[in-house]
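Enquirer: build the 3D model from these lines:
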Amino acid sequence: MDFECRDGRHAPMPSESDGGSVHEGTAPASRARAFIAWTLAVVGTTAAVLGAMGVVSVLAAMLATCVMDGAVSVSADTLDPFAMDIGVLVAQLSVIAITLPWWRQVLARSLVSTRCRSLPRRSTADVLRAWVSLLLLGLGLQVVISLLLTLVSLIAPVLIEDYNELMEDAGIGVLSPLNVLTTVILAPVSEEIVCRGILLEYGLRAASPVWRSRVGARDTSVGAVAFLAGNALQAAAFGFMHLNIVQGAYAFALGLILGWVYWKTGKLRYAVGLHLAVNASSFLIDPLFELSAWLPELVGTTWFLVIGMGSLVGGALLFARVWCSGAPAAPASPVASLDGASTGEQPAPVACNEDVLGPE
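Expert: Just a heads-up that it's a prediction; the model follows:
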């Protein structure tokens, strides 16, 4: 699915440094109404997705249990664990089927796609570096999460016990084909479409009410403060979707990073890739711990920290080299600068292919 961010006039983007837009004359009352409306859109979308996931997963699990057991009816309290995994699979596929076209409609006139016009094309080498950086960041973030959970277990053991029990009941970390499919592939795709694709856009519209239904986000920009507020709003929704304090806390932090990656790259597939790397790395933590147990205590702990911090720092530096540089990675026509300020020349159309996992 290719999407090109093109404006008929290709007018230069206004500066993001002042946090303003071309709609500076917007009345405070109008801005307040826009903030309330788009915040409610975030809350309503979150509730709708959670409700749909819950209903579809339970109904699909009940149907799967009836088929496997040959029963006419079954209670929701006696669902087979494998049937529950089937229910989660069906629910994730249903969410993707519904929200993917929804996101595409939102994207057509979004603040993200407007900013996308100012992004330079990346060379094939930089695209490869970007994906390597995301894999390293995913492993590093997962190690950091594990270390933080270990620290919390020393401070609040009861909280971690409840969390571990919840993870065991959900089958998180159990290596099986179905669990890998739902955790590593479908969860990142469905959650990124909803949270970064849809909710981040709604959050940006709430924090910087410059979007208008008639013209979309044309000739507008989002300031740094507005982006931080909108990004925090979608990250809070992402954390709430996990429905427990421990997982919700680190999901909020991860949501902030994923939102920034999407905003910085203009391509949802990079956020999906980082999310996938984080979830996939969860299956590597236990083997890494077991390997560390064979080493002396100090050496084992140091080795684990080196892997985590090395991956995190290396991935961050590599990502910054690709996406935080003002120089285009490949020869192209003059474009607006990365902060949205005009270079003084009319920018040429910049293609922003929005395949979820497709090629650059």
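Enquirer: going by C-alpha atoms from here, please, whenever you check contacts or count neighbours.
Expert: OK.
Enquirer: before we move on, what SS does Val222 have?
Expert: coil (DSSP: H, G, I helix; E, B strand; the rest coil).
Enquirer: how many neighbours does Leu243 have?
Expert: The local packing of Leu243 (other CA atoms under 10 Å) involves 11 other residues.
Enquirer: ok so it is a strand residue?
Expert: No. According to three-state DSSP, Leu243 belongs to no strand; its state is coil.
Enquirer: what values do phi and psi take at it?
Expert: Per-residue torsions, Leu243: phi 60, psi 30 (degrees, to the nearest 10).
Enquirer: low-confidence ranges in the protein?
Expert: By pLDDT under 70, the low-scoring segments of the chain are 1-27, 71-78, 170-173, 209-220, 292-301, 325-360.
Enquirer: one more time with 80, if that's ok
Expert: Applying pLDDT under 80 to the chain picks out residues 1-31, 68-81, 114, 116-119, 168-175, 208-222, 286-304, 325-360.
Enquirer: ok, longest helix in it?
Expert: helix 28-69 (DSSP state H).
Enquirer: by contact count, what packs against the helix or strand following it?
Expert: With elements assigned by DSSP states H and E, the helix or strand that comes after helix 28-69 is helix 81-107. Secondary-structure packing of helix 81-107 (3 or more CA pairs under 8 Å, 6 or more residues apart in numbering; DSSP states H and E): helix 28-69, helix 187-191.
Enquirer: name the stretch among these that sits most buried.
Expert: Looking across these with neighbours counted as mean count of other CA atoms under 10 Å, the highest average goes to helix 187-191: a mean of 23.
Enquirer: ok, and what's touching the following helix or strand past it?
Expert: Beyond helix 187-191 on the C-terminal side, the first helix or strand identified by DSSP H and E is helix 200-207. For helix 200-207, contacts defined as CA atoms under 8 Å, 6 or more residues apart in numbering pick out 34-39, 41-42, 106, 110-112, 211, 222, 226-227, 229-231, 233-234, 259.
Enquirer: okay if I get the helices and strands packed on helix 81-107 as TSV plus distance to Val152?
Expert: Shown next, in TSV, are the helices and strands packed on helix 81-107 (distance: least, CA to CA, whole Å):
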stretch	distance to Val152
helix 28-69	27
helix 187-191	25
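Enquirer: among these, which is nearest Ala97?
Expert: Closest approach to Ala97 among the helices and strands packed on helix 81-107 (CA to CA): helix 187-191, 9.0 Å.
Enquirer: with only the CA atoms kept, save the closest one in PDB.
Expert: C-alpha atoms of helix 187-191 as PDB (Å, rounded to 0.1, in the frame of the first residue of the first chain):
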ATOM      1  CA  ALA A 187       0.300  -7.500  18.400                       C
ATOM      2  CA  PRO A 188       2.900  -5.000  17.000                       C
ATOM      3  CA  VAL A 189       0.900  -4.500  13.700                       C
ATOM      4  CA  SER A 190      -2.500  -4.100  15.400                       C
ATOM      5  CA  GLU A 191      -1.300  -1.900  18.200                       C
END
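Enquirer: buried set for stretch 85-103?
Expert: Within stretch 85-103, the residues that count as buried by 16 or more other CA atoms under 10 Å are 85-96, 99-100, 103.
Enquirer: how far off centre is it?
Expert: 16 Å (CA atoms, centre = their mean, to the nearest Å).
Enquirer: also stretch 283-293?
Expert: The answer for stretch 283-293 is 26 Å, by CA atoms, centre = their mean.
Enquirer: rewinding a little: other SSEs contacting the longest helix of the chain?
Expert: helix 81-107, helix 200-207, helix 224-240.
Enquirer: tell me the angle of that helix relative to helix 224-240?
Expert: Using axes from the mean of the first three to the mean of the last three CA atoms, to 10 degrees, the inter-axis angle of helix 28-69 relative to helix 224-240 is 30 degrees.
Enquirer: how far away from the center of its chain is helix 28-69?
Expert: The mean C-alpha position of helix 28-69 is separated from the chain mean by 17 Å, CA atoms, centre = their mean.
Enquirer: ok, now stretch 308-318?
Expert: Counting by CA atoms, centre = their mean, stretch 308-318 comes out at 19 Å from the chain centroid.
Enquirer: just the CA atoms of it, as CSV, please.
Expert: Output of stretch 308-318 as CSV, limited to C-alpha atoms (Å, rounded to 0.1, in the frame of the first residue of the first chain):
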residue,chain,number,x,y,z
GLY,A,308,21.6,-4.6,27.1
MET,A,309,23.3,-1.2,27.3
GLY,A,310,25.5,-1.9,24.3
SER,A,311,22.4,-2.8,22.1
LEU,A,312,20.5,0.2,23.4
VAL,A,313,23.3,2.8,22.9
GLY,A,314,24.4,1.3,19.6
GLY,A,315,20.9,1.2,18.2
ALA,A,316,20.2,4.8,19.4
LEU,A,317,23.4,6.1,17.8
LEU,A,318,22.7,4.3,14.5
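Enquirer: okay, buried residues for it please.
Expert: Of all the residues in stretch 308-318, those buried under the rule 16+ other CA under 10 Å are Gly308, Met309, Gly310, Ser311, Leu312, Gly314, Gly315, Ala316, Leu318.
Enquirer: just the ones of those in helices?
Expert: Residues of the buried residues of stretch 308-318 located in helices (DSSP H): Gly308, Met309, Gly310, Ser311, Leu312, Gly314, Gly315, Ala316, Leu318.
Enquirer: what's the burial count for the residue nearest to the last one when sequence neighbours are not counted?
Expert: The shortest distance from Leu318 to any non-neighbouring residue, by CA to CA, 6 or more residues apart in numbering, is to Ser133 (5.5 Å). Burial of Ser133, expressed as a neighbour count using other CA under 10 Å, amounts to 24.
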